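Participant: A structural model of the following input is requested.
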Amino acid sequence: MPADDTPLMPKATAVWLVDNTSLSFEQIAAFCRLHPLEIGAIADGDAAQGIKGADPMQTGQLTRAEIEKAEADKDYRLKLSKPKTIVPELKRKAPRYTPVSKRQDRPNAILWLLRQHPELKEAAIIRLVGTTKTTIHAIRDRTHWNSAHLAPLDPVTLGLCSQMDLDREVETAARESGITNPQPALGSADGLLSVEESLQPEEAEDEPTGNERYDADTVFKGLKAWTKGQPAEDDDEA
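Facilitator: Model (predicted):
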């Protein structure tokens with residue numbers, strides 16, 4: 001019987017079949033993939049002590065009709081019921097595929113990652129741009145065949161990875177490396193103002209504060225003289 005036909009919890013299933021059916025030891029042994037002598041020991045109480053029987057019908061591994069058919073024919077071998085739901089097999093995650101048209105940009109992206117985020121491990125860089133450790137070492141040691149012409153370029157801009165993937169890898173690497181210092185502030189010369197800073201009102205230059213008071217006589221002194229046709233006191237004499 002193939003291994004895929006082995007029921008869940010074979011010994012617990014055998015205990016239940018021994019206690020609740022008239023199947024022969026050979027039939028139970030063939031279904032549970034156990035030795036007939038072990039089934040006999042279970043029936044005598046010499047084996048599987050303390051194991052609670054598991055009903056294969058409740059788990060959908062056997063039907064009542066299948067058991068009755070085997071009880072009527074001692075030469076018949078029980079067949080495991082097919083599962084009603086098929087769970088897809090988990091595929092091993094393959095390395096990130098990089099289109100041929102963008103593979104020439106990978107060295108530039110690797111150089112950018114090595115310079116901007118030295119905390120990133122080689123495995124993280126491989127996940128982001130789909131490269132190899134050999135290429136990373138060559139670019140880091142400047143032994144790459146095209147080192148003289150490489151220019152650091154953001155892999156997100158090049159379309160080699162998403163900004164979300166890059167942020168996640170950087171955050172993970174920083175946490176594992178124990179880096180607690182934040183990145184340079186957005187309000188620095190290399191970045192934009194933060195939202196809080198951009199919403200703050202700018203202070204007007206040379207604007208009265210409201211506490212300053214003006215003398216009305218001083219303000220209108222020259223105006224009164226001008227209305228009477230007399231020169232103001234601060235006018236220059238001819």
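
Participant: Now the lengthiest helix in the chain: buried residues?
Facilitator: The longest helix of the chain (DSSP state H) is helix 163-177. For helix 163-177, a neighbour-count test (16 or more other CB atoms under 10 Å) marks 165, 166, 169, 170, 173, 174 as buried. No exception for glycine: its C-beta is placed from N, CA and C like everyone else's.

Participant: Would you agree the fifth one is in contact with residue 113?
Facilitator: Looking back up the chat, that one is residue 173. No. If you go by CB atoms under 8 Å, residue 173 and residue 113 don't touch, sitting 10.4 Å apart.

Participant: joint contacts of the two?
Facilitator: By CB atoms under 8 Å, 6 or more residues apart in numbering, residue 173 and residue 113 have these common neighbours: residue 120.

Participant: Can you check the pLDDT for the nearest residue to residue 152 once chain neighbours are set aside?
Facilitator: Excluding the flanking residues, the one nearest residue 152 by CB to CB, 6 or more residues apart in numbering is residue 112, at 3.8 Å. On pLDDT, residue 112 comes in at 95.

Participant: Run a quick neighbour tally on residue 112.
Facilitator: A total of 20 residues lie near residue 112 under the criterion other CB atoms under 10 Å.

Participant: Show the backbone phi and psi for it.
Facilitator: phi -60, psi -40 (degrees, to the nearest 10).

Participant: what does the one 5 residues further on give?
Facilitator: Torsion angles at residue 117 (phi, psi; degrees, to the nearest 10) stand at phi -140, psi 70.

Participant: now it: how far from residue 7?
Facilitator: Distance, residue 117 to residue 7, using CB to CB, to the nearest Å: 51 Å.

Participant: and those two? which has more neighbours close in?
Facilitator: Between residue 117 and residue 7, counted using other CB under 10 Å, the more crowded position is residue 7 (20 against 16).

Participant: residues contacting the more buried one?
Facilitator: Each residue near residue 7 by CB under 8 Å, 6+ apart is listed here: 13, 31, 32, 56, 59, 61, 62, 80.

Participant: swap the cut-off to 7 Å and go again
Facilitator: Contacts for residue 7 were tallied using CB atoms under 7 Å, 6 or more residues apart in numbering; they are 13, 31, 32, 56, 61, 80.

Participant: Do I have it right that residue 138 meets residue 144?
Facilitator: Yes. Counting by CB atoms under 7 Å, residue 138 does reach residue 144; the two are 4.1 Å apart.

Participant: got the contact list for residue 165?
Facilitator: Going by CB under 7 Å, 6+ apart, residue 165 touches residue 128.

Participant: follow-up on the earlier one: closest to residue 148 out of the buried residues of helix 163-177?
Facilitator: Among these, residue 166 lies closest to residue 148 (CB to CB), at 26.6 Å.

Participant: Show the pLDDT at that closest one.
Facilitator: For residue 166, the model assigns a pLDDT of 92.

Participant: pretty sure it contacts residue 154?
Facilitator: No. Counting by CB under 7 Å, residue 166 stays clear of residue 154, with 8.6 Å between them.
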